[in-house]
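A.B. asks: Using only what follows, build the 3D model:
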Amino acid sequence: MKKLTKWMPAVMLVGIILVLLLMPIIALAQDEEEGEKKAPEGGGSGFMDLIKAGSYVGHFIIFLSFVSLALAIEHFVNIKRDKFCPPEIVAELEALIDEGQYEDALALCQANPCFFTNVVGAALSKVEGGFAEMEKAMGEAGESEANKVNQHISYLSLLGSIAPMLGLTGTVTGMISAFSVIKTMQSPPPSMLARGVEEALVTTAEGLFVAMPVLSAYFFFKNKVTALLIEMGMICGEFLDKFKGLEPAK
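C.D. replies: Below is the predicted model:
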């Protein structure tokens, strides 16, 4: 039951992303089916035709969707407790500190860089300065590591915010294209006007359908990182408590 509860947020996130990504495909399939019923001999727009209709703006939005997917997979693999704080490293480091082998403990931290070892290693490097210096070094290192993690996941927020703006850009360029046809031709055929309007609508839809799952993934990972940072702070604090009362070396 505990394992099921642990994986429930991830399952919900995957479900939301799949639903949001499948919505335009389902809508497109329904439109194609209706188009075939109305004009069995005529061709209607297929999925690849709609992709092409999005022009270079739409193609760039699709590229951003693949980048966002790669980032989400990378975060899903790396933003875990075992990655931030490997249990075997913690156990070995605790044994070294209890034996007073601070130099070996520092060497272990430097040989196995991760969130936990970077923070504890910064404190161990100031062991000769006493508890106050170690506490200050750990605080600065913890803040630096937290900023790195938050900055890394913030790229998802950036991509999720850019996607609808690019969709709006495609809307503007598509309408400009449509009005350019009206300007150059007195009685343009509807098919020529439809190209610009189709570009405007397709890019808008692409931007929205990329932004929704990407922003959902960002807030999921942001909450996960916040919980991990709180847990890491408690674990590092327990290690620092072992040095309470330590005076600076003369």
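A.B. asks: Contacts only, for the residue nearest the centre of the chain.
C.D. replies: In the chain, the residue lying closest to the centroid (Cα atoms, centre = their mean) is residue 156, at 3.7 Å. Residue 156 is in contact with 68, 71, 72, 75, 214, 215, 217, 218, 221, counting by Cβ atoms under 8 Å, 6 or more residues apart in numbering. Quick note: C-beta positions are derived from backbone N, CA and C, even for glycine.
A.B. asks: how about the residue sitting furthest away from the middle of the chain, secondary structure?
C.D. replies: Most distant from the centre of the chain: residue 186, at 49.1 Å, with distances by Cα atoms, centre = their mean. Using DSSP: H, G, I helix; E, B strand; the rest coil, the secondary structure recorded for residue 186 is coil.
A.B. asks: Show the model's pLDDT score for it.
C.D. replies: Per-residue pLDDT puts residue 186 at 70.
A.B. asks: Tell me both backbone torsions, phi and psi, for it.
C.D. replies: phi -70, psi -40 (degrees, to the nearest 10).
A.B. asks: The one 3 residues further on now?
C.D. replies: Here the main-chain torsion angles of residue 189 (degrees, to the nearest 10) amount to phi -70, psi 150.
A.B. asks: Where do the helices of the chain begin and end?
C.D. replies: For the chain, helices defined by DSSP state H occupy the ranges 2-38, 47-53, 55-78, 81-84, 87-98, 102-111, 115-124, 130-184, 190-241.
A.B. asks: tell me which residues of the shortest one are tucked away?
C.D. replies: To tie it back to what came earlier, the one meant is helix 81-84. Neighbour-count burial for helix 81-84 flags 81, 84 (criterion: 16 or more other Cβ atoms under 10 Å).
A.B. asks: contacting residues around that helix?
C.D. replies: 114, 115, 116, 228, 231, 232.
A.B. asks: any idea how far the third one is from residue 138?
C.D. replies: From residue 116 over to residue 138 the distance is 11 Å, taken as Cβ to Cβ, to the nearest Å.
A.B. asks: Nearest spatial neighbour of residue 142, chain-adjacent residues omitted?
C.D. replies: Of all residues not flanking residue 142 in the chain, residue 119 sits nearest, at 4.9 Å (Cβ to Cβ, 6 or more residues apart in numbering).
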